[in-house]
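1. turn this into a model:
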Amino acid sequence: MEEQEITSSNAESSVKVETGDAWQRLAIIAILYFSARNIKNSAQGLIYIIPALAIGSNVFSKLNSPEAYIAIGTLVSLAVGSGLISFFMYTFRVHNQHVEIQTGVFQRRYTNLPFWRIQNVKIEHPFYYRPFGYALVVLDTAGSGKEEANIVAVPVSYANALRKQVLAEKKKEEYSSAHSSSNLNYSSVQSPAQSASEHLSSDNGAARFGMLENDSVESDEEVLNTRSIGDIVIHGITNNRVWIILGAAAPFYDDAIGLVSDWLADKGLQLNQIVGEQTVAWWQFGLYAFVILMMIMAAMALLSVGGALFTFYGYTLSRSDDRYIRRSGLLNKQEVSMRASRIQMVTAKQDWLDKILKRVNVYFEQNSTAGQKVQELMSPNKLIVPSVTEQEAVELSQEVMPDCQLHRDDYLGVSKRFILHWLIVAWSVPILALFIVGIVSSQIDILLGSIGLLVAGSLLLTLRWWRWGIAADGKYVYVRRGRIGVDYLCFEPYKIQQVIVKQSVFMRRHQLASIKFVLASGAVTVPFLPEHYVKALADSVLYDVESTRKSWM
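-> Next up, the predicted model:
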């Protein structure tokens, strides 16, 4: 076994990363990547067009027409053709510790990334690359709202070697910077770069960062958590997002119901006969409705579980030196990596079904960019560990932030005036309007609706008030929030970029104030706290920000 590992390591280290002065073209399989990307972009555009065409027309009949087939074939041909052109217009080289990429057809773009600017190198394995041993290299830089550059088709061995050299070079640069101002005795014997190289090659260093060609975890990585298929199924059930698909499919409901009715008619079943008032008793009609509802919910759950398996199959969370690495994916092997020092906040989320099953979704969040639209599960700024047990959630939070205690007994809750404030500000106008309309029109159902709205609003605000709280122990700030579910947030004071204290005239009268913490990962607000507590906490946090010299970039 050891001989195999040594052979694999030597083979990988023998790969030459530098390409020299000459610009390199990608492997021809990159045409698949460009074509698939163009088809995906076209499909996303059609999502907005089809609902507009669906209004007042039969979409299914149009999609089944020869004109539709011709249009679809034309779009696919254009996507493949543009992918071929993009392939020929794409060149790259790795030269003098820089990654240079030239892309674009009508508007050429030149990207130059020095190794020291690259924060992370991710290796992804699309399903159409994996049989041929190719990979996609994603280069991330600090403060970027999107990936700065992709090398879209290189051999896996080259991708691993490039990843290893870039991250080792960056660590060497950081080590050099940290010791450049010190006058140590051995500085005249060895250079900072040499000592950094020795540090990287030591037993506890992180000389090997790359992912093996069989997608397994490197030997120097410590596996922190894995998710079984059962865990992923639970995550799909408890975090059902199929309602998004159902909302997008709203224009097709009439056509879908028509198809179902025609199919049942072919089987000898007529819906109008089944639900007719003279044919079926009310309890039978209720039973039919309940069965149909359960079937719809089961179909939604199956879709959600399928999406969870597609995203999180083979989930592994590991740590290599100061980096946390998440790998998962059924067809496309995805990888999200972030440095421990850059993690701004640890969040543990429990929806109502998670609380019943005693499961928690843990998030490690780093910097985010305004206007960034990235899918949450694939976002490079947020690393999720899905549906872990409550004990695993505690261990993971303490792994990232030692001595972190999310489930505390000393959370300071917000004032009950929070409920009264929002009832008056947000709920009073619509409820009062409905109530007046009900009185004027003498409609008892409108009156009952306004009362029901008042009760529902009061209940939601009460649950919100009951969950919301804040605590601090000098090392971390903790926030608890939620309505039916509950979220726990933990962050270090010295990483806070801005503290905002708000106080309205009415809050000042009752000696209350709201505090808002702005971090690189986003803002956290806790309202209606005692004024003296808010001022003391703000002073403490600002002192930590000013006095702590520890870098988190």
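2. after the lowest-mean-pLDDT helix or strand in the chain, next one along is what?
-> The weakest-scoring helix or strand in the chain, judged by mean pLDDT, DSSP states H and E, is helix 192-201 (a mean of 36). Sequence order places strand 222-226 as the next helix or strand after helix 192-201, per DSSP states H and E.
3. CA-only coordinates of that following strand in CSV, if you can.
-> Extracted in CSV, the C-alpha atoms of strand 222-226 (Å, rounded to 0.1, in the frame of the first residue of the first chain):
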residue,chain,number,x,y,z
GLU,A,222,-8.4,14.2,8.1
VAL,A,223,-12.0,13.1,7.4
LEU,A,224,-14.3,15.0,9.7
ASN,A,225,-17.7,13.9,8.4
THR,A,226,-19.3,11.7,5.8
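4. who's in contact with it?
-> 217, 315-320, 324, 385, 388, 392, 396, 399 (Cβ atoms under 8 Å, 6 or more residues apart in numbering). For every residue, glycine as well, the C-beta is placed using N, CA and C.
5. cool, stretch 73-82 as well?
-> So stretch 73-82 is contacted by 31, 34-35, 38-39, 42, 105 (Cβ under 8 Å, 6+ apart).
6. list the buried residues in it.
-> 75, 79-80, 82 (16 or more other Cβ atoms under 10 Å).
7. what of stretch 485-500?
-> So stretch 485-500, judged by 16+ other Cβ under 10 Å, has buried residues 485-496, 499.
8. pick out the most distant pair among those residues.
-> Pairwise distances across the buried residues of stretch 485-500 peak at 29.6 Å for G485 and Y494 (criterion: Cβ to Cβ).
9. neighbour-wise, which of the contacts of strand 222-226 leads?
-> In terms of neighbours by other Cβ atoms under 10 Å, the contacts of strand 222-226 top out with L317 at 25 neighbours.
10. what strand or helix carries that residue?
-> strand 316-320.
11. show me which positions of stretch 438-457 end up buried.
-> Those would be 438, 446-447, 449-450, 454, 457, for stretch 438-457 by 16+ other Cβ under 10 Å.
12. from S397, how far out is D410?
-> 17 Å (Cβ to Cβ, to the nearest Å).
13. follow-up on the earlier one: looking at the contacts of stretch 73-82, state which has the most neighbours.
-> That'd be F34 among the contacts of stretch 73-82, by other Cβ under 10 Å, with 23 neighbours.
14. for that one, which non-adjacent residue is spatially closest?
-> G83 (3.4 Å; Cβ to Cβ, 6 or more residues apart in numbering).
15. on that earlier part again, tell me the angle the helix or strand just after the strand holding L317 makes with strand 316-320.
-> Downstream of strand 316-320, the first helix or strand assigned by DSSP H and E is strand 323-328. Counting by axes from the mean of the first three to the mean of the last three Cα atoms, to 10 degrees, strand 323-328 lies at 160 degrees to strand 316-320.
16. and the nearest residue in space to R417 that is not next to it in sequence, its phi and psi?
-> Closest residue to R417 apart from its sequence neighbours, by Cβ to Cβ, 6+ apart: F528 at 5.9 Å. With angles defined as degrees, to the nearest 10, F528 sits at phi 50, psi 50.
17. do I500 as well
-> phi -120, psi 120.
18. ok, now which ones touch it?
-> Here I500 is in contact with 515-516, 518 (Cβ under 8 Å, 6+ apart).
19. list just the nearest of these to R25.
-> Closest to R25, out of all of the contacts of I500 and judged by Cβ to Cβ, is V518, at 45.3 Å.
20. what ranges does the stretch 451-553 of the chain have for its strands?
-> Ranges of strands in the stretch 451-553 of the chain, per DSSP state E, counting those that start in this stretch, are 469-472, 477-481, 486-491, 498-502, 512-519, 522-530.
21. any chance of these in JSON lines, plus distance to K333?
-> Formatted as JSON lines, the strands of the stretch 451-553 of the chain follow (distance: least, Cβ to Cβ, whole Å):
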{"stretch": "strand 469-472", "distance to K333": "40"}
{"stretch": "strand 477-481", "distance to K333": "35"}
{"stretch": "strand 486-491", "distance to K333": "30"}
{"stretch": "strand 498-502", "distance to K333": "38"}
{"stretch": "strand 512-519", "distance to K333": "31"}
{"stretch": "strand 522-530", "distance to K333": "28"}
